[in-house]
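Student: got a sequence here, can you model it:
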Amino acid sequence: MILIDYLYYQIVNFYKHFNKDGAEKGYGIVMTLGLPFLNLVFILMILDHFYGTKTLPSNKYFVLVYALPFILLIGLRYWKFTSYEEIKERVQNLSKTTKIIADILLIIYATISLLGFIFFSLYLGSLKNTF
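Tutor: From the prediction side, this is the model:
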């Protein structure tokens, strides 16, 4: 959960920097849910395509059912049990080197998650058009 905590912390800080409306914690929760859910869908797409497991439903809206565990676990964690202030204290106690490494890992994680999903989706879309 350390990477997810740091992801949540950075998303909330980013939103607070540009918007002063007080909705940064809710925005942080929603955006933090996005990347792990995107990774799950990406893994299920790979399993469906290469192994023929048929784990993804035919209706794309039913895929949101797979998001329910993420919504419950991550949403409840940051809304009720772990506050932004607790995570901020832990991050401020980290050394500068650890913060730099965490930032690099976070950028790599987000880049691989987003670009991998986009390129594989485009690859699957091009296969559907050829048949």
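
Student: ok, longest helix in the chain?
Tutor: Criterion DSSP state H: the longest helix present in the chain is helix 96-130.

Student: show me what that helix is packed against.
Tutor: helix 2-18, helix 24-46 (3 or more Cβ pairs under 8 Å, 6 or more residues apart in numbering; DSSP states H and E). C-betas here are computed from N, CA, C, even on glycine.

Student: what do you get if the cut-off is 6 Å, keeping everything else the same?
Tutor: Here helix 96-130 touches helix 24-46, going by 3 or more Cβ pairs under 6 Å, 6 or more residues apart in numbering; DSSP states H and E.

Student: who's in contact with the residue most central in space within the chain?
Tutor: In the chain, the centroid-proximal residue (Cα atoms, centre = their mean) is Leu35; its distance is 1.6 Å. Each residue near Leu35 by Cβ atoms under 6 Å, 6 or more residues apart in numbering is listed here: Ser113.

Student: any idea how far Phe117 is from it?
Tutor: 10 Å (Cβ to Cβ, to the nearest Å).

Student: could you do Phe42 as well?
Tutor: From Phe42 to Phe117 the distance is 5 Å (Cβ to Cβ).

Student: again with Tyr78
Tutor: 23 Å.

Student: just for the protein, where's the confidence low?
Tutor: Scanning the chain with the threshold set as pLDDT under 70 gives 1, 128-131.

Student: what's the local residue count around the closest residue to Val41 other than its chain neighbours?
Tutor: Leaving aside its sequence neighbours, Val41 sits nearest to Val63 (Cβ to Cβ, 6 or more residues apart in numbering; 6.2 Å). Neighbour count of Val63, defined by other Cβ atoms under 10 Å: 15.

Student: one more: Phe50?
Tutor: Burial of Phe50 is recorded as 8 neighbouring residues (other Cβ under 10 Å).

Student: which one of Tyr78 and Phe117 has more residues nearby?
Tutor: Tyr78 (24 against 16).

Student: now the nearest residue to that one once chain neighbours are set aside: how far from Phe42?
Tutor: In this structure, Tyr78 finds its nearest non-sequential neighbour in Ile29, 5.1 Å apart by Cβ to Cβ, 6+ apart. Ile29 sits 21 Å away from Phe42 when distances are taken as Cβ to Cβ.
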